[in-house]
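In: Sequence and computational prediction follow.
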Amino acid sequence: MIDQIFLKELRAACPALMVQTDVPMSRYTTLRVGGPADCMAEPSDVEELKAALELARRCDVPVTVVGNGSNLLVRDGGIRGLVIRFGRAFSCSATEGETITAQGGILLSDLAQQALKAGLTGLEFASGIPGTLGGAVVMNAGAYGGEIAQVIESAEVLSSGQILALDRETLGLSYRHSRMQDTGELVLSARFRLQKDDTAAIRARMEDLRVRRQDKQPLNLPSAGSFFKRPVGAYAAQLIDEAGLKGCRVGGAMVSEKHAGFLVNAGGATAADFLALMRQVQETVYKNSGFRLEPEVRIIGEEA
Ligand SMILES: Cc1cc2nc3c(=O)[nH]c(=O)nc-3n(C[C@H](O)[C@H](O)[C@H](O)COP(=O)(O)OP(=O)(O)OC[C@H]3O[C@@H](n4cnc5c(N)ncnc54)[C@H](O)[C@@H]3O)c2cc1C
């Protein structure tokens, strides 16, 4: 239950802010699991965001930031305090020459389409990743040889109430990691440096990647993409497949038959099912190959 005094003050301080209470996180994660968030707010500008965060700090209300929830496993007990969701209301973008600057809530697919329309290459890899810009920068998302680190020039982050402009080096981007995972800073916007190219060629590359995803990935079932990070010297999906785990189930959570790196919601799964399956996969793969798989998915929230 959210502190009612906090809620009243939040609504008074930010009358236009979209605020909901007792929100099932299963609606806001692509795994379609997760208990309720006490309170969720979707800011539409930086001033609203800053005001909500300052009030949460003063009232001692914990804050969790989410984007499109495509790399999140929220436990069944849900999330206490305030969830800040970056979404449609925070997704302006602008193209200038060979750069695109966009806010943290824009979907990567929309960003990639914008680059395509402007005849700019570099974001094709991102067109099929179902996350927001903010989540992608925090995760240094990547696919098919491309990743955020290759195209980002700088980002604006909110750090203890201050807006900081960080260049690419300062963002500390490495495989599925960024400085923001350690600091908890919020990604407000980012600027990407791209290159001019033929629109038809860019479209063809995007289409090729779409077909490759369609062929290899279980896109018909809820998932969070590759559940585990790629261990050094091996591929998680191959290790899981070699351990005989394709199709392995705990409750409604299942190792995909199509792509062993994906844990999918085959129907009615809980977060506890996914956590139990994750541990089973980790133990079996370790016994079979000696590799320790670490989740790429960010696990948050409380046990039921
Ligand atoms: C079908 C499918 C395919 C996928 N394919 C890929 C792929 O090819 N490559 C890849 O890298 N990933 C892939 N993913 C995973 C996921 O889409 C990416 O990690 C994506 O970048 C996450 O973005 P999001 O907005 O959904 O972030 P969320 O899942 O909402 O959050 C992820 C993390 O980022 C933080 N966060 C989110 N927004 C902000 C912000 N504005 N400021 C600060 N912190 C923030 C959250 O607190 C959390 O720690 C796939 C997922 C699915 C479901």
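Out: Right, received. Where do you want to start?
In: which residues touch the residue nearest to residue 69 when sequence neighbours are not counted?
Out: With Cβ to Cβ, 6 or more residues apart in numbering as the criterion, residue 69 has its nearest non-adjacent residue at 3.7 Å, and that residue is residue 29. For the C-beta atoms, the positions are set from N, CA and C on the backbone; glycine is no exception. Applying Cβ atoms under 8 Å, 6 or more residues apart in numbering to residue 29 gives the contacts 69, 70, 72, 73, 74, 224.
In: Quick check: which element contains the closest residue to the ligand within the stretch 201-304 of the chain?
Out: Distances between the stretch 201-304 of the chain and the ligand by Cβ to the nearest ligand atom are smallest at residue 225, namely 2.4 Å. Under the criterion of DSSP states H and E, residue 225 resides in strand 223-226.
In: The ligand contacts on the stretch 151-300 of the chain?
Out: Counting by Cβ under 6 Å from any ligand atom, the stretch 151-300 of the chain comes close to the ligand at 180, 186, 187, 219, 223, 224, 225, 298.
In: Among those residues, list the two that are farthest apart in space.
Out: The largest separation in these, counting by Cβ to Cβ, is between 186 and 219 at 29.5 Å.
In: which of the two has more neighbours?
Out: residue 186 (23 against 17; other Cβ atoms under 10 Å).
In: Quick check: the more buried one vs residue 225, distance?
Out: 22 Å (Cβ to Cβ, to the nearest Å).
In: From the chain's centroid, how far away is stretch 147-167?
Out: 16 Å (Cα atoms, centre = their mean, to the nearest Å).
In: Next: stretch 133-151.
Out: 10 Å.
In: Now do the buried residues in it.
Out: Within stretch 133-151, the residues scored as buried using 16 or more other Cβ atoms under 10 Å are 133-143, 146-151.
In: Show me the helices in the stretch 151-300 of the chain, by range?
Out: Here the stretch 151-300 of the chain has its helices, by DSSP state H, counting those that start in this stretch, at 179-183, 199-216, 236-242, 271-289.
In: Of the ones you listed, which stretch is the most buried?
Out: helix 236-242 (a mean of 20; mean count of other Cβ atoms under 10 Å).
In: Right, I'll call it a day here.
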